[in-house]
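K.L.:
After the sequence you'll find the predicted model.
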Amino acid sequence: MTWASIRFIISASALASTATIRSVVSLLASSPDSWIAAGNCQPRSLSCSSGSCMGVMRAITLTALPVLRTWRKNHRVSVVISVASMMIASGLHSVSQMLARSWSVQVMTAQHVLTSIPATTNAEPFFSNESTIGMSLPPIRTFGLMVYNVSIRIRYKKHTPMSTPKQLLIAIVGPNASGKTALAIKLAKRFNGEIISADSRQVFRGMDIGTGKATKAERQAAQHYLLDVASPRSEFNVVHFKRTALKAIRHIHARDKLPFLVGGTGFWISAITDGVDFPNVKPNKTLRARLGKRTPAQLYAILKKLDPQRAKTIDCNNPYRLIRAIEIIQATKRPIKKIKKNPPFNVLFLGAKRSRKELYNRIDKRLRSRMRQGLIAEVRNLHENGISWKRLYDFGLEYRYVSLFLQAKLTKSAMLEQLSIAIKHYAKRQMTWFQRNKRIGWIASERQAAHLIQQFLDLESRRRFRD
């Protein structure tokens, strides 16, 4: 859409009456080329009294306002009203106050120039060249008075509005046990931020210890979203996550805070940061019943044939995710990676960096800590509250292996050993996913992360100021 700033100059006799000026402006407004919006009374005689100047300007303004409103509605213009330097301050103040009341606009006065910019989305920065259009009218006789040299000079600009800058988002990613949650809480406190969890199991109620969910104290230190939003009995897939997470991010931005998207579920994070447009594929009960008879290895082989890239990052031992991936691909007739992307945010990616040896040591230490906190009791309680063994198995990792132990299918030592191996394999797949994203800046300390965030915020501030 074309935008414009318009300036009018009307030259008339200082002795012209208010009625005469009304007639002139009305005539101009009714003409085919009527670009009338407001005017500049430039009296020929310096002896013009303050009363007559105020009267003339008041008449022009009152007559022009309806046309000006119509012009703004139909053409979305920024209107500039110029007042000749010989206009006295009292008259200028009267007109500016009238416009402010009638139009609800911001009015600035400087060197006897009145600038009125509508308080709408059209009042934004722009760049362009200026052009001028001139037109004149023949003398007009009204009430026995002659108005000479009625002319209009329209100075206008055509602009292309600037695109709205994208909202900011900090994404803190990394594998299990890399310290993402603790780092995010410290950074959120430092930069007035709030945290959206991007963990596919932390959304479920009652699954606290096994998912490493933020504690009550940590949630008090920084507001968290996407925790405890669904029942373990229900389905909560990437489509549900994207819808809920975007709502949380909008809520955070609306309160002038900085959102931190934190987690290790790479596919879910990409859904937000890359704006992946997922088809809303409904569950196919017939397909699920047929695929449910296959082993995880068989399901993985099917997925690998349909979408090799998705097969590289998915949990190959999770039948639920394997079936869902196959279901989406068969419904859309295309690999998941080719789903349309439309990045909605300006994102800074930070990755929690750990050496493999350090990461594996942290995984083992965390597993022992979770056992002491009551991981077995948590899984038992979920089952006693109606969550089936199969559902627990589908949740993977801690819930899968502890449920096998509770069913006496594994000894405790075998359960701990196999669980440790499974978590490390999953962490390796997570790193495979994240290492493909060249936008991630891998950091080893809070200080390094804070420095990168500050640079990111400063750069964005300079860019917006420059625009």
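P.N.:
Nice, thanks for sending it over.
K.L.:
rest of the way, CA atoms for contacts and neighbours
P.N.:
Fine.
K.L.:
Output the below-cut-off pLDDT ranges for the stretch 201-350 of the chain.
P.N.:
337-340 (pLDDT under 70).
K.L.:
for it, what spans make up the strands?
P.N.:
224-225, 258-263, 345-352 (DSSP state E, counting those that start in this stretch).
K.L.:
same question, the stretch 351-467 of the chain
P.N.:
With DSSP E, counting those that start in this stretch as the criterion, the stretch 351-467 of the chain has strands spanning 441-443.
K.L.:
can you list the domain ranges for the chain.
P.N.:
In terms of domains, the chain is parsed into 5-157, 167-278+342-466, 279-338 (source: automatic domain parsing).
K.L.:
quick one: secondary structure of residue 177?
P.N.:
Here residue 177 is recorded as coil under DSSP: H, G, I helix; E, B strand; the rest coil.
K.L.:
how close does it sit to residue 228?
P.N.:
20 Å (C-alpha to C-alpha, to the nearest Å).
K.L.:
Those two: who's more crowded?
P.N.:
residue 177 (24 against 16; other C-alpha atoms under 10 Å).
K.L.:
Could you pull up the residues touching that one?
P.N.:
359, 362-363, 366 (C-alpha atoms under 8 Å, 6 or more residues apart in numbering).
K.L.:
Make TSV from the strands of the stretch 201-350 of the chain and add mean neighbour count and distance to residue 249 to it.
P.N.:
Listed next are the strands of the stretch 201-350 of the chain as TSV, based on neighbours: other C-alpha atoms under 10 Å; distance: least, C-alpha to C-alpha, whole Å:
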stretch	mean neighbour count	distance to residue 249
strand 224-225	20	9
strand 258-263	24	6
strand 345-352	20	10
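K.L.:
Quick one: low-confidence residue ranges for the stretch 51-200 of the chain.
P.N.:
For the stretch 51-200 of the chain, applying pLDDT under 70 flags the ranges 51-164.
K.L.:
rerun that using 80 as the cut-off
P.N.:
For the stretch 51-200 of the chain, the stretches flagged by pLDDT under 80 are 51-165.
K.L.:
wait, isn't residue 280 in contact with residue 239?
P.N.:
Yes. Proximity of residue 280 to residue 239 meets the contact threshold set by C-alpha atoms under 8 Å, at 7.1 Å.
K.L.:
picking that back up, out of the strands of the stretch 201-350 of the chain, flag the one nearest residue 211.
P.N.:
Nearest to residue 211, of all these, is strand 258-263, at 11.0 Å by C-alpha to C-alpha.
K.L.:
could I get the closest one in PDB with only the CA atoms?
P.N.:
Taking Å, rounded to 0.1, in the frame of the first residue of the first chain, the C-alpha atoms of strand 258-263 are listed here in PDB:
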ATOM      1  CA  LEU A 258      12.300 -12.000  27.200                       C
ATOM      2  CA  PRO A 259      11.200 -15.600  26.400                       C
ATOM      3  CA  PHE A 260      13.600 -18.400  26.800                       C
ATOM      4  CA  LEU A 261      12.800 -21.700  25.000                       C
ATOM      5  CA  VAL A 262      14.600 -24.400  26.900                       C
ATOM      6  CA  GLY A 263      14.800 -28.100  26.200                       C
END
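K.L.:
Quick one: residues in contact with it.
P.N.:
The contact list for strand 258-263, computed with C-alpha under 8 Å, 6+ apart, reads 168-174, 180-181, 184, 188, 191-199, 249, 252-253, 269.
K.L.:
Any of those buried? List them.
P.N.:
168-174, 180-181, 184, 188, 193-199, 249, 252-253, 269 (16 or more other C-alpha atoms under 10 Å).
K.L.:
before we move on, back to that, okay, residue 280 and residue 239: which has more neighbours?
P.N.:
residue 239 (17 against 11).
K.L.:
ranges for the helices of the stretch 151-300 of the chain?
P.N.:
Along the stretch 151-300 of the chain, counting by DSSP state H, counting those that start in this stretch, helices occupy 180-190, 216-221, 238-254, 266-273, 285-291, 296-306.
K.L.:
In a markdown table: those helices, plus distance to residue 325.
P.N.:
Compiled in a markdown table, the helices of the stretch 151-300 of the chain are given as follows (distance: least, C-alpha to C-alpha, whole Å):
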| stretch | distance to residue 325 |
| --- | --- |
| helix 180-190 | 27 |
| helix 216-221 | 33 |
| helix 238-254 | 11 |
| helix 266-273 | 11 |
| helix 285-291 | 11 |
| helix 296-306 | 7 |
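K.L.:
nearest to residue 450, of those helices?
P.N.:
Here helix 180-190 is closest among these (C-alpha to C-alpha), at 6.8 Å.
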